[in-house]
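Q: need the 3D shape of this:
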Amino acid sequence: MRRALIGAYAVPALCVLTIGCGSTPKEDPLLKLSSEEAFEEGQRLVEEEKYARAEEYFGHAFQIAPNTPIGREALLLQAEVLYLEGGEDNYIKAEAKYRDFLNRFPTSERADYAQYQMARSLEARMRKPDRDQKATHEAREAYTELLQLYPTSEHVEEAQAGIDRIRDNLAEHEFLVGKYQLRRGLAAAAVSRFEGLLEDYPDYSETAKVLHYLGRAYHEVDEGEKARQTFDRLQEEYPQSEWAREIPKWVRRLPEEVPS
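A: Sure, this is the predicted structure:
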């Protein structure tokens, strides 16, 4: 009896697990397109700003003809529409596609553009200065590679501007860490952080506030003369800065260094 029941249910179960006993699944029309047809449809969808759908068509065009001019361009456009679609996940995917293009076609005349866009995809994931800066460092490296590998690229100036933006973000990160250390009573660590910031990022747009907090940190570790010199530098180099106007009153009471 048990064997009979198993046999009775075997055929219906098999139907469910296959294709529904006579019904056929609908084939995706995309799979019927040639590389050229998929590429053209992807371009049309881009014009309509339907980037997610266009990415599927460019992906198909590349998969069936990866080593043709159209396939090569399709891979680059696949990365492009992911970047245009935006969002954390798409920026990650775009970076991977640009990197794939560079690995496959390192001598392409579009290689410098792929390098530039890869850096932009990483920069788009740059977090605020008080957050983890992993993607920020990677973006700086990608821009720097562009300058080194493609010094005549038309994207050199844009890459340098990207590096400047990133350096300011990284410098602000260092400043916030130093400020936190000072607030937590770790003045010696704050001094080291602020000194390193001034050395590594001499063009930081907020140098005045770094000098202000460095002077305070020196005072906390009983480096009175260094504190005075730091505040003097702040007044001399940034006289109009709000940080120069907020120099603590105790600075005037710091002892002058006695000449030896």
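Q: what are the buried residues along stretch 91-105?
A: Tyr91, Ile92, Lys93, Ala94, Glu95, Lys97, Tyr98, Arg99, Asp100, Phe101, Leu102, Phe105 (16 or more other C-beta atoms under 10 Å). (Glycine included, C-beta is placed from N, CA and C.)
Q: now those as a markdown table including secondary structure, distance to Ala74 and pLDDT?
A: Output for these, formatted as a markdown table (DSSP: H, G, I helix; E, B strand; the rest coil; distance: C-beta to C-beta, whole Å; pLDDT from 0 to 100):
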| residue | secondary structure | distance to Ala74 | pLDDT |
| --- | --- | --- | --- |
| Tyr91 | helix | 20 | 97 |
| Ile92 | helix | 20 | 97 |
| Lys93 | helix | 15 | 97 |
| Ala94 | helix | 14 | 97 |
| Glu95 | helix | 18 | 97 |
| Lys97 | helix | 10 | 97 |
| Tyr98 | helix | 13 | 97 |
| Arg99 | helix | 16 | 97 |
| Asp100 | helix | 12 | 96 |
| Phe101 | helix | 10 | 97 |
| Leu102 | helix | 15 | 97 |
| Phe105 | coil | 12 | 95 |
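Q: what sits against the residue nearest to Ala111 when sequence neighbours are not counted?
A: Counting by C-beta to C-beta, 6 or more residues apart in numbering, Leu102 is the residue found nearest to Ala111 once chain neighbours are left out, at 6.0 Å. By C-beta atoms under 8 Å, 6 or more residues apart in numbering, the contact list for Leu102 reads Ala111, Ala114, Gln115, Met118.
Q: top of those by neighbour count?
A: Ranked by neighbour count under the definition other C-beta atoms under 10 Å, the contacts of Leu102 are headed by Met118 with 27 neighbours.
Q: which secondary structure elements does the host helix or strand of it sit against?
A: Following DSSP states H and E, the helix or strand that holds Met118 is helix 111-123. Packing partners of helix 111-123 (3 or more C-beta pairs under 8 Å, 6 or more residues apart in numbering; DSSP states H and E): helix 69-85, helix 88-104, helix 134-149, helix 156-183.
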